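> pasted the sequence and its predicted model underneath.
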Amino acid sequence: MKRGCARSGSRRLDEPGFPAQAGAVNIANRVAMPPAKPVLIYDGDCRFCTLWIRRWQQATGDAIEYVPSQDASVAQRFPEIPPQAFVTAVQLVETDGRVISGAAAVFRALETNPKHQWLRRSYERWPKFAAVTEWAYRFVASHRPFFSRLTRLGYGAHVERPQYFLTRWVFLRVLGVIYLIAFTSLWTQVDGLIGSNGILPTDNFMHSVRQYCDAQKIGLDRFRQLPTLCWGGASDASLHVQCAAGVVLAVVLIVGIAPAPCLFLLWLIYLSLSVAAREFLGFQWDILLLETGFLAIFLAPLQVWPRPAHEPPPSRCAIWLLRLLLFKLMFQSGCVKLLSGDSMWRNFTALTVHYETQPLPTWIGWYAHQLPMWAQKFSCFVMFGIELIVPFLIFLPRRPRQLAAVLFGLLQVFILLTGNYTFFNWLTLALCILLLDDFALAKLCPGRVKRWLNFAAVKPMSIWSSVAPRALAVVIVPITIVGFFAMFNVSLPGATAAASVDQWLRPFRSLNNYGLFAVMTPKRPEIVIEGSNDGLNWVAYEFKYKPGELTRRPGFVAPHQPRLDWQMWFAALSPKQDAPWFANLCMRLLQGSPPVLALLEKNPFPSRPPRYIRAVTYEYHFTAFESRHRTGGWWWRESKGLYLPPLWLPNDTGKPAR
C-alpha cells in the first residue's frame, strides 16, 4: 500500500507509478508480461481476504482475474512483484503492465461494475477521500484477524451480495395464505356484520354517503375519500362477490400466477371491504395487511407466469420499504407504550393484568397469568428490548438481521400462544422473512426444492422493479421519518408538506402508524346480552369466543377473527354512546335476524325472538389454580350493573317490569 497516496492530489489511478509503494515494500511499477485482462492478486492464506474477494468477484464477474499469491503461476508471470507485497496489500496488474495496490487497486477493479464507478471517480477527484480510504485500507490490513472475526459476526460465511429470489418466492406465498385467511374469515361473517340484515348494513351506509356527497357537491373526490367498490353496488351479492374474488385471487397468488396484478386486486378489494365494513374492519392488522399488500405489489415480478430461473431479480428498494414497515411496526409498538405515560408499562407490571384483560385470551394465557411478579416484570423488560432495540438490527448486515428475525419471531409466537390476535402475528412473521436472504432460507429447503428454485440464470432488473419502488420510496420515506420524529414532538423541515401528502393518502389506509395497547387495560368488563319475554326472567345469549360461561376454557381461534366478539371487548370499555352499532345489534336480535344470530354460539330463543333485550356488565377475572381445581371455572365475575336498559321493538307496546 502506498503511504504517499495522501499527498497524491488528484492524480489518476492509471498514471505511471501510482502508487509505487506499499508500506516499506518496494513494488514494481510495471511487469514485463502484461496479462490479457486485469489480474488481482491477494493473500490466499488470509481468511479475511478470501471472504471479501468473493464479494468483489460477484461484483466484477469475468472482467477481473483473481489469483491467490500462493499460486505457483504468480511468481512465474509477475517476478517483478516481491512476495512480501502480497502480505501487505492486494496487487492489481493492468493489461498495459502497470501495477496498482491498496485501496486504489480495489476501486480500479470494482470500476468494471457500473454501480461502483463512483468509488474510482471519488478517489481521483477528492484527495481527502483518497487519503481516508488509503488510511482505512492500511488500518484494516494491519488488523485483519480482528476484522475477520467482525466480518464473520456480521455476515457469517457469506459476504457476497445477497440474493432474494427464494425470499420473495416464500414471502409472496405466505402473504397469499394470509390474504386467503382474511377473506375467508370475513366471508363467513359478512352477512351478519354488514349485509342488508346485518348490524351495519353497507347498502344503507352507501345510500347516505351518496346523498351527502350530492348535497355537498362532492364530485370525483368522493372516490378518493371513500375508496370502495361498493359505489357500484352494495347489495349482499356484491359483498359476496368481493369476498369470493379475494379468495380466488389469494389462491392464484399462492400458485404463483400473475403475482403483481393479483396483489393489486387483492389490495383493492380488501380496501373496498375495509371502507364498507367501517368499525368491523378497522383493526391494526387490517391496515397492516393493506400496507404490506400494497408494498408487495412492487416486490412481485410483473409476469403472468414467472418461473424461478427466468424471472427478474427482486427490487432491493421494495425489500427495504417492507423492512422499514417492519421497523415501524415494532419500534412504534414499543414507543407508544412508554410515551403514553402509563405507569404499568413504565414499572414493568403491565403483564400482570394483560393476559387476563386482552380481548380473546387462550388457555395458555391463563397459565401465563399465574406466573410470579418477577417473571411478569422480566417478560415485560424483554418485550421492550425486542420492540425498542432489536428493530435497529434490521439496518445492519445479514447476521444481525437474522438475529432480529429470530427475536421478532419468538415474540410473535409467544403472543399468538397466549392471545388470539387473528392473522396479525402471522403477518408480522411474514415480514420477518424479508430479513433473511437466499443463503439463509436455502438451508431450510429440501434438496429437490433447492434444485427447482435455481436462480443462476435470471433476467436483468426490469423497469418495473427498478423505477417504481424508488418513486414510491420518495413518498414513503419522508412521511415515515417525519412521523417518527413527530412521536417525540420534534418537527422537521418540510413536516407540513409531508403531513399534507399523508393526509391526502390517508383514505387508502396504506401508510399507517402502529402501536397496540398504548395504555394497559387494568380491568376486564364484559357485556352480557340477555333476552326476556316477560321482563322478569332473563336468559343470556352466548358468544362463540369471548368470555361468557365461567367454566368454558379459553380457546384458540386465530388466525380467524370473530369480529363481533372483538367489538364487544371494545364496547365494554366505552360508554354505549361510543358504540352506536351495539344498539343495532340488539335490534337485530329482537328481530331474530338469521345472519346476526349465526355470529353467536347460542340462541336461547330458537322458536321466536324475545320481546325484550338488555345488556348487563360484569367484571371478569381469571381464577387461580386452587379455585379452578375446586370449581372447574376458568373465570369468576362480579356484577357491575346495566350497560343498556331493556329495548323492545317499536310496534311492541308492552314494557318490561322494573
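Sure thing, it's come through.
> show me where the stretch 451-600 of the chain has strands.
Listed in chain order, the strands of the stretch 451-600 of the chain (DSSP state E, counting those that start in this stretch) span 525-532, 539-540, 542-543, 600-602.
> what do you get for the chain?
21-22, 25-26, 39-42, 65-68, 91-93, 99-101, 525-532, 539-540, 542-543, 600-602, 612-622, 635-647 (DSSP state E).
> and for G555, the neighbour number?
12 (other CB atoms under 10 Å). (C-beta placed from N, C-alpha, C; glycine too.)
> wait, what's in contact with it?
Each residue near G555 by CB atoms under 8 Å, 6 or more residues apart in numbering is listed here: T362, W363, Y545.
> from V132, how far out is the residue nearest to L388 when sequence neighbours are not counted?
Distances taken as CB to CB, 6 or more residues apart in numbering put G334 closest to L388, at 4.0 Å, once the chain neighbours are dropped. Using CB to CB, to the nearest Å, G334 is found at 37 Å from V132.
> more crowded one of those two?
G334 (20 against 13).
> was I right about that one contacting V382?
No - judged on CB atoms under 8 Å, G334 makes no contact with V382 at a distance of 11.6 Å.
> overlap in contacts, these two.
With CB under 8 Å, 6+ apart, G334 and V382 have no common neighbours.
> pull the number of nearby residues for N204.
12.
> hmm, I was thinking of C213
So C213, with other CB under 10 Å, has 17 neighbours.
> which residue sits closest to it in space, ignoring its chain neighbours?
Of all residues not flanking C213 in the chain, R222 sits nearest, at 4.6 Å (CB to CB, 6+ apart).
> what does Q376 give?
L351 (4.4 Å).
> what's near enough to touch the one you found?
L351 touches A368, Q376, K377, S379, C380, M383, counting by CB under 8 Å, 6+ apart.
> same thing but at 7 Å, please
If you count contacts by CB atoms under 7 Å, 6 or more residues apart in numbering, L351 has them with Q376, S379, C380.
> and the pLDDT for it?
Note on L351: pLDDT of 96.
> what about it, distance to P580?
From L351 across to P580, the span is 33 Å (CB to CB).
> next: R524.
23 Å.
> sort out which one of the contacts of L351 lies nearest G256 for me.
S379 (40.0 Å; CB to CB).
> what sits against the closest one?
L351.
> what of the one 5 residues further on?
When the contact criterion is CB under 7 Å, 6+ apart, the partners of F384 are G334.
> 8 Å instead?
Counting by CB under 8 Å, 6+ apart, F384 has contacts G334, K337, L338.
> ok, now how distant is R47 from V159?
11 Å.
> neighbour-wise, which of those two wins?
Neighbour totals were compared for R47 and V159, and V159 leads with 21 against 14 (other CB under 10 Å).
> can you give me the helices for the stretch 51-200 of the chain?
Counting by DSSP state H, counting those that start in this stretch, the stretch 51-200 of the chain has helices at residues 72-77, 83-88, 102-110, 117-125, 127-142, 144-155, 165-187, 190-194.
> count of residues packed around L550?
15.
> one more: the one 4 residues further on?
Look at P554: counted by other CB under 10 Å, it has 22 neighbours.
> before we move on, what about D62?
Using other CB under 10 Å: D62 sits among 8 other residues.
> quick check, pLDDT for it.
90.
> G9 now?
For G9, pLDDT reads 39.
> what of A105?
92.
> use 53 as the first number from now on
Okay, residue one is now 53; in that scheme the one you just asked about reads as A157.
> V91 versus the closest residue to it other than its chain neighbours, what's the distance?
Nearest residue to A157, sequence neighbours excluded (CB to CB, 6+ apart): L144, at 3.7 Å. According to CB to CB, L144 and V91 sit 7 Å apart.
> next one: L488
36 Å.
> any idea how far apart the tips of stretch 116-125 sit?
16 Å (CA to CA, to the nearest Å).
> just stretch 440-455 next, same as before
Counting by CA to CA: the opening and closing residues of stretch 440-455 are 15 Å apart.
> roughly how far is it from the heart of the chain?
In terms of CA atoms, centre = their mean, to the nearest Å, the centre of stretch 440-455 is found 14 Å from the chain centre.
> which residues touch it?
Here stretch 440-455 makes contact (CB under 8 Å, 6+ apart) with 205-208, 210, 214, 375, 378-379, 382-383, 386-387, 456, 459-460, 487-489, 491-492.
> do stretch 405-421 as well
Under CB under 8 Å, 6+ apart, the answer for stretch 405-421 is 396, 403, 469-472, 569, 572-576, 597-598, 605-609, 614, 617-618, 621, 672-674, 686.
> quick one: E578 and A547, what's the gap?
For E578, the distance to A547 - CB to CB - is 42 Å.
> ok, now L481?
33 Å.
> for the residue nearest to A157, which residues make a bridge with it?
When assigned by DSSP bridges, L144 has beta-bridge partners L92, I152.
> pretty sure it is touching F159, no?
No - with contact defined as CB under 8 Å, L144 does not reach F159; the gap is 9.6 Å.
> in the stretch 253-402 of the chain, which spans are helices?
254-267, 273-277, 288-307, 311-329, 336-351, 368-391, 395-398.
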